[in-house]
Structures are given as structure tokens and as C-alpha cells.
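Got a sequence here, can you build the structure:
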Amino acid sequence: MMFVPIKTDILVWLLVAAIAAYFAYVRRQPHLLVPWRRVTQSAYGMSALVVLSVFVLIGLLDSLHYRPALERKGVEGGVAYSTEVLSVLDAVATPLRERRERTYSAPFATRAYARETLEVQSPDGQVRQTREFPRLTWGGAHLKGEAERGKDIFIRATLGVALGALVWLVLAAAVTWRHAHLAQGGIGEAWRAIWRAETRTPWRAILLTAGALLALAGSALALCTHYHILGTDKVGRDVFTLALKSIRTGLVIGTLTTLVLLPFAVALGIMAGYFRGWIDDVIQYVYTTINSIPGVLLIAAAVLLMQVYIDRHPEFFPTSAERADLRLLFLCVILGLTSWTGLARLLRGESLKLRELEYIQAAQAFGVRDARIITRHILPNLMHIVLISLVLDFSGLVLAEAVLSYVGVGVDPSMNSFGTMINAARMEMSREPVVWWALGAAFVFMFALVLAANLFADAVRDAFDPRVRVGNAAKAPA
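Take a look at the predicted model:
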């Protein structure tokens, strides 16, 4: 194989490295470590983090792309590579990706969703035509009779749940041993403390969430190789695979966009509030002008211009995946350039308040440079707002991608995303019978991702916002 480092892959892994470096730095700074420890003490926050970790793992597996080698040799006798760009997730899901049907089929179905004209040979040897639901090529093909489908699904789902329970027992044993080792107590005592939620880290909530996810994952893995558990789309592709492939697009939109908006929002917002005067007027004029432009129209114009550039210069993009990736990256840039104004306004207001505090005025009176005051006093006191806004904006950006792809100005139609799934399913909602599973799958996966992000954002807000901590301390009994 030949690895193909497309642009968003590089940025995603750079972001992972930056996050790892940030937490390595936080571990050495006690004043930064304290709020993150409060995050780890939130039961709903850690449960949401477990769910987010599963989505992130799937997205990272889909962010390692390569071109498989072909059996035939190249022109000069070297290795020839396919023009199709695959990911590690594609390699893992090869059985699901290659088992296509002719058209729609419902979840766990053994026959197609629409009648077709088939030629059937009668007992007397004559061939006649009839309209019926044809048998699927892959879905339930292992069954000797369709009457066995319910029993087979139950058995395979039970085995999958049992496998998930076994993995959960190993995980619970490891957590219990680790807690007993740190507490210097017995295994039984550690397990009772975990189950009674007496530990500082909410291991019970984490284990319960992990158990539910392992049960779902085990049953899905046991069933997806023999059935289309979420049905198939118009061209017979497995909807479960499409939903898994759409996770990366949502994560890329939600994370890479922050790399664009963060420098503008932080720098301009703090400068406007700290320096005031004509600098504040210019910055306010800039983001007021940007806010007055309809965001959807600006994004549509920019994306269409980029699409024209891609169409006119096909020689720059040897594969369709690289063309689609450039459009995704450009969409992240446009969303970032149109989304920084809200955070900048918040930081301006807080900077106006902070610059009037006594220790800031004392620093100015002693001749401390403005750049040092901003980096040592203003910015650290605004980081809770930055973190809260970024985590909250993540879910909004995931939903924005779905809306933009629905109206046709989002990601490339060849790229899997929740928006393209919804856009492809909208015409099928008016047919009879209704093809509902593609829309339902996109809704469930997107709902789980956004809900987990919002719950984790609430935990981060409660841990980093000093006003919340002061309010909780005032309400605490004496």
C-alpha cells in the first residue's frame, strides 16, 4: 500500500499532537490541573467523554488513508497503485463495504424493499413472470429458511452482548485493581467503593456507560456481517457503514474550524476590550460588518468558487478523495472566518471588565508592557470562556454541516457525512412505502455525538467558570 496524507488528515493528527502536548503541560502546572480534575469528577461529564472517545477513535481510524497496491505491475515494472483512496476504517469494514445489494432493503431484511419482475419456473417446466420481493444477495443469505431469521438474530445478538460483557468484566477488573493499588486496600473494598460511587473519579458512571456501549458494539458486530442492521440505500450500500464513515466529517468540521476561528476571536476580542479607543471601533466595525452578511450566502458563494477552481484544475488532484478533501478543508476555513465574531464579542466584554481591576491598573502603573499584561493576566482569566465556547460551538458546527450539505453547499456529494445522508433520504420520505432508515440512522448518530459534546461542555463550564464555583460554594451547607 501507499499512504496518502491528505490535508485534513495532517491537520487532524497535528491537532491530536497539540492536545497531547497541552495536557502534558497541564500535568506540570497545578493551577491548570485543578479545573481539569473537577471535570474528571463529574459523572455525566465522564460518561459523555466515554461516548465522545468512541466517536473520536472511529474518526481517527478514518483519518489514515492509503492507496492499495494492484496485482498488475506498473509501466516500468514497478508497483501499481489503485486510484481509489481507502482508510483504515475502510479496511476494517471491508465485508460491509463490499457486500452491496441492488437497491433498498429494510434493517435486518432478507428481501428487497420493492417488488421486481422476476422469471419463475413452474413445476411443469414453463417460465412465467411474476412480481415479488426478490431475495437479497447478502442479507440473511446464510439462512436455510427465512423463518429462522428471528431466532438467528436473537442468538447472534445474545452472543454479541455476551462478548461485550466479557470485555466489560476485564475492563472492570483492571479499574478495580488500579483503584485498589492506589488506595492500598483490598480488591473487594475497592469494588464496593466503585459501585457505591464513593470514589473521586466517577468510575461507576464510566463503567456503566462503557458496558452499554460494549453491549451495543458486540451485538452490532455479531449481526452486521450477516445482515444489513440499518438497511441499505438506493444503490445498495450498507447504511451502517455510511453512518460510521460520516463520523469523521462531523469531527473534522467541529474541530478544524476552531483552529481558524480561535486566533481571530482571541486576538481581536482581547485587543478591542483592552486597548479601547480607535482599535475597539475598527474591530467592532469589522465583526459587525461580517455579522450583517447572511452567513449561508457567504458560505455558498465561497464553496461554489472553490468548486469552480477544482473543476478547472483537475491536474492538481490525482484522486477524487483529494478533491473532496480540499472542499471539506475550505468549508472549515469559511465556517471559521464567519464564526469567530460571537466569541470575540464575549472576550471584548470580559476584557473591558478585567482591565479596570486593581491589579491590572497596578501593572500598568509600574510600566509593565501591554503584551505581558495581556498574556499573563488577561488571557488566563478568559480561558474558561474560550474553552466553554469552543466545546459548545463543536455541536453547532456539526449541525451546521448537516444543514449546509442538505441545501447543497456543504461537503462534496461523494464524501460521506450526516448532511449528505439526510439530503439523499429527503426524496425517499415521500414515496410509498417510506424509506426511513437512512434518515433515522443519520439522526441517531448525530444526536448521540451532539448530546455527548453538549454534556461534556456542561462539565467543562462548571469546572472552569469561576462564577459557577462561587455560586455552588455559597449554596453549600456550613
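
Can you show me the helices along the stretch 351-478 of the chain?
358-365, 370-373, 383-406, 418-425, 437-464, 466-475 (DSSP state H, counting those that start in this stretch).

Tell me, please, the helix or strand in the chain that averages the lowest pLDDT.
Lowest by mean pLDDT, DSSP states H and E among the helices and strands of the chain is helix 466-475, with a mean of 50.

Packed most tightly, which of the helices of the stretch 351-478 of the chain would that be?
helix 418-425 (a mean of 24; mean count of other Cβ atoms under 10 Å). For glycine as for every other residue, the C-beta is placed from the backbone atoms N, C-alpha and C.

quick revisit: of all the helices of the stretch 351-478 of the chain, which one is nearest residue 156?
Ranking those by proximity to residue 156 (Cβ to Cβ) places helix 437-464 first, at 19.4 Å.

And the closest one, what does it pack against?
helix 30-40, helix 43-61, helix 239-275, helix 383-406, helix 418-425, helix 466-475 (3 or more Cβ pairs under 8 Å, 6 or more residues apart in numbering; DSSP states H and E).

run the last query once more with 7 Å
Judged by 3 or more Cβ pairs under 7 Å, 6 or more residues apart in numbering; DSSP states H and E, the packing partners of helix 437-464 are helix 30-40, helix 43-61, helix 239-275, helix 383-406, helix 418-425.

helix/strand/coil for the residue lying closest to residue 195 once chain neighbours are set aside?
Closest residue in space to residue 195, ignoring its immediate chain neighbours: residue 204 at 6.0 Å, by Cβ to Cβ, 6 or more residues apart in numbering. Under DSSP: H, G, I helix; E, B strand; the rest coil, the three-state class of residue 204 is helix.

Do you know the pLDDT at the closest residue to residue 206 other than its chain neighbours?
Setting aside the residues directly before and after it, residue 206 is nearest to residue 46 in space (Cβ to Cβ, 6+ apart), at 5.2 Å. pLDDT, residue 46: 93.

repeat for residue 356
85.

Could you check how far it is from residue 282?
From residue 356 over to residue 282 the distance is 22 Å, taken as Cβ to Cβ, to the nearest Å.

Of those two, which one has the most company?
Just comparing residue 356 and residue 282: by other Cβ atoms under 10 Å the higher neighbour count belongs to residue 282, 12 against 8.

so where does the more buried one fall, helix or strand?
Using DSSP states H and E, residue 282 maps to helix 277-292.

Which SSE is immediately downstream of that helix?
helix 295-312.

buried set for that next one?
Of the residues in helix 295-312, 299, 300, 302, 303, 306, 307, 310 count as buried by neighbour count, 16 or more other Cβ atoms under 10 Å.

how far out from the middle of the chain is that helix?
In terms of Cα atoms, centre = their mean, to the nearest Å, the centre of helix 295-312 is set 24 Å apart from its chain centre.

Mind exporting the C-alpha coordinates of that helix to CSV?
C-alpha atoms of helix 295-312 as CSV (Å, rounded to 0.1, in the frame of the first residue of the first chain):
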residue,chain,number,x,y,z
GLY,A,295,-23.8,33.5,6.6
VAL,A,296,-25.3,30.9,4.3
LEU,A,297,-25.0,33.1,1.2
LEU,A,298,-21.3,33.9,2.0
ILE,A,299,-20.5,30.2,2.6
ALA,A,300,-22.4,29.2,-0.6
ALA,A,301,-20.5,31.7,-2.7
ALA,A,302,-17.2,30.7,-1.3
VAL,A,303,-17.8,27.0,-1.7
LEU,A,304,-19.1,27.4,-5.3
LEU,A,305,-16.0,29.5,-6.2
MET,A,306,-13.8,26.7,-4.8
GLN,A,307,-15.7,24.1,-6.7
VAL,A,308,-15.1,26.1,-9.9
TYR,A,309,-11.4,26.2,-9.2
ILE,A,310,-11.3,22.4,-8.6
ASP,A,311,-13.2,21.7,-11.8
ARG,A,312,-10.8,23.9,-13.9
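
just to revisit the earlier point, any chance of the helices and strands packed on helix 437-464 in CSV with distance to residue 71 as columns?
Shown next, in CSV, are the helices and strands packed on helix 437-464 (distance: least, Cβ to Cβ, whole Å):
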stretch, distance to residue 71
helix 30-40, 51
helix 43-61, 26
helix 239-275, 25
helix 383-406, 36
helix 418-425, 32
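
Select, out of the ones you listed, the one closest to residue 97.
Set against residue 97 and scored by Cβ to Cβ, these come closest in helix 239-275, at 5.7 Å.

now the angle between helix 43-61 and that closest one, please.
110 degrees (axes from the mean of the first three to the mean of the last three Cα atoms, to 10 degrees).

Quick check: buried residues in helix 239-275?
For helix 239-275, by 16+ other Cβ under 10 Å, it's 239-258, 260-262, 264-266, 268-274.

Mean confidence (pLDDT) on that helix, please.
pLDDT averaged over helix 239-275 gives 88.

if we can go back for a sec, nearest to residue 163 among the helices and strands packed on helix 437-464 would be which one?
Closest among the helices and strands packed on helix 437-464, using Cβ to Cβ: helix 43-61, at 16.4 Å.

relative to helix 437-464, how tilted is that closest one?
130 degrees.

Report the angle between helix 43-61 and helix 383-406.
Using the same axes, to 10 degrees: helix 43-61 against helix 383-406 is 50 degrees.

Give the other helices and strands that helix 43-61 contacts.
Helix 43-61 is packed against helix 88-92, helix 203-224, helix 239-275, helix 437-464, with contacts defined by 3+ Cβ pairs under 7 Å, 6+ apart.

again, only this time at 6 Å
helix 203-224, helix 239-275, helix 437-464 (3 or more Cβ pairs under 6 Å, 6 or more residues apart in numbering; DSSP states H and E).

closest one to residue 413 among these?
Of all the helices and strands packed on helix 43-61, helix 239-275 sits nearest to residue 413, with 12.2 Å by Cβ to Cβ.

what stretches of this protein score poorly on pLDDT?
Along the chain, the model assigns pLDDT under 70 to residues 72-78, 119-127, 465-478.

distance of the residue most central in space within it from residue 62?
Against the mean C-alpha coordinate of the chain, by Cα atoms, centre = their mean, the closest residue is residue 251 at 3.4 Å. Per Cβ to Cβ, residue 251 is found 9 Å from residue 62.
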